[in-house]
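K.L.:
Quick one, structure for this:
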Amino acid sequence: MINIFSSLKDSTKSIVFIVLVLLLAVGFSFIPHVNTFAYMMTPTIAVLIMMLIVTRDGYRISGWKKLGLHKLGFKSWGFALVVPIIPLAVGFVVAYAANLSSFEPGSDFEGFSWTVFPLLIVFLYIKSVLTQSMGEELGWRGYLLPTMLGCMGRKKAMLLHGAVHGVWHFPLILNTEAYHSDENLWLLLPMTVLSTIFLGPVIGEIRMRTGSVNLLDDPHHA
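P.N.:
Got it, this is the predicted structure:
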């Protein structure tokens, strides 16, 4: 079957993907009691629709290789693990010192003794990285960023895909109680976009230098 969309320009692919992932985000946000895991899979769903239905790149091995799933990028694992810890640690220390934050274990830790607490932390971290974060990264840095780099400059692509990533959070914030539902929206919405614009180039550089999307779950989750 001839696919009239197989020769779409990267600029058109980028626009179609962005529209698609934002429509999916809005749709999922209206699902009663939707959780963050389901919502965070929408970028991956958008990739599957693009590759299997729109451009049909997914019917060739070369199409999947473009996502960076075939490379583990062992040489950069240390960098990907350490880099996100630095701003995270600094932010927590500043917030704690200013009495703006405190440590309160969530419901995931109820019923467990402090002796197994470290193992539980590791388990939950790995679970989140391998499921929720990957659901996003396949979309943002696996598909969208390389596609944008095919039609615009590196700096513009890095910043723009980060901005789209931030806006994607809006339906979850505005239409559900699953994500920062008790925060000041006038502060939360712009800060969400600013944080993803800042984080986008950092994770994006790891993605493009290693050619792998498998390294990105850790810095994203942090």
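
K.L.:
what packs against the lengthiest helix in the chain?
P.N.:
Across the chain, the helix with the greatest residue count (assigned by DSSP state H) is helix 185-210. Identification of packing neighbours for helix 185-210 by 3 or more Cβ pairs under 8 Å, 6 or more residues apart in numbering; DSSP states H and E yields helix 145-149, helix 154-168, helix 170-175, helix 217-221. Glycine gets a C-beta too; all of them are placed from N, C-alpha and C.

K.L.:
for those, which one sits closest to Glu137?
P.N.:
Of all these, helix 217-221 sits nearest to Glu137, with 5.7 Å by Cβ to Cβ.

K.L.:
Any chance of TSV for the helices and strands packed on helix 185-210, columns mean neighbour count and mean pLDDT?
P.N.:
Output for those, formatted as TSV (neighbours: other Cβ atoms under 10 Å; pLDDT from 0 to 100):
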stretch	mean neighbour count	mean pLDDT
helix 145-149	23	95
helix 154-168	19	95
helix 170-175	18	94
helix 217-221	21	49
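
K.L.:
Nearest to Leu189, out of these?
P.N.:
Closest to Leu189 of these, according to Cβ to Cβ: helix 170-175, at 6.5 Å.

K.L.:
contacts for that closest one?
P.N.:
In this structure, residues lying in contact with helix 170-175 by Cβ atoms under 8 Å, 6 or more residues apart in numbering are 22, 25-26, 28-30, 36, 39, 178-181, 185, 188-189, 192.

K.L.:
Please repeat the previous calculation with a cut-off of 6 Å.
P.N.:
With contact meaning Cβ atoms under 6 Å, 6 or more residues apart in numbering, helix 170-175 is reached by 25-26, 29, 39, 179.

K.L.:
Ok, stretch 176-192 next?
P.N.:
Residues contacting stretch 176-192 (Cβ under 6 Å, 6+ apart): 29, 34-36, 166, 169, 172-173.

K.L.:
what's the spacing between the closest residue to Gly200 other than its chain neighbours and Leu144?
P.N.:
Nearest residue to Gly200, sequence neighbours excluded (Cβ to Cβ, 6 or more residues apart in numbering): Gly162, at 2.5 Å. Per Cβ to Cβ, to the nearest Å, Gly162 is found 10 Å from Leu144.
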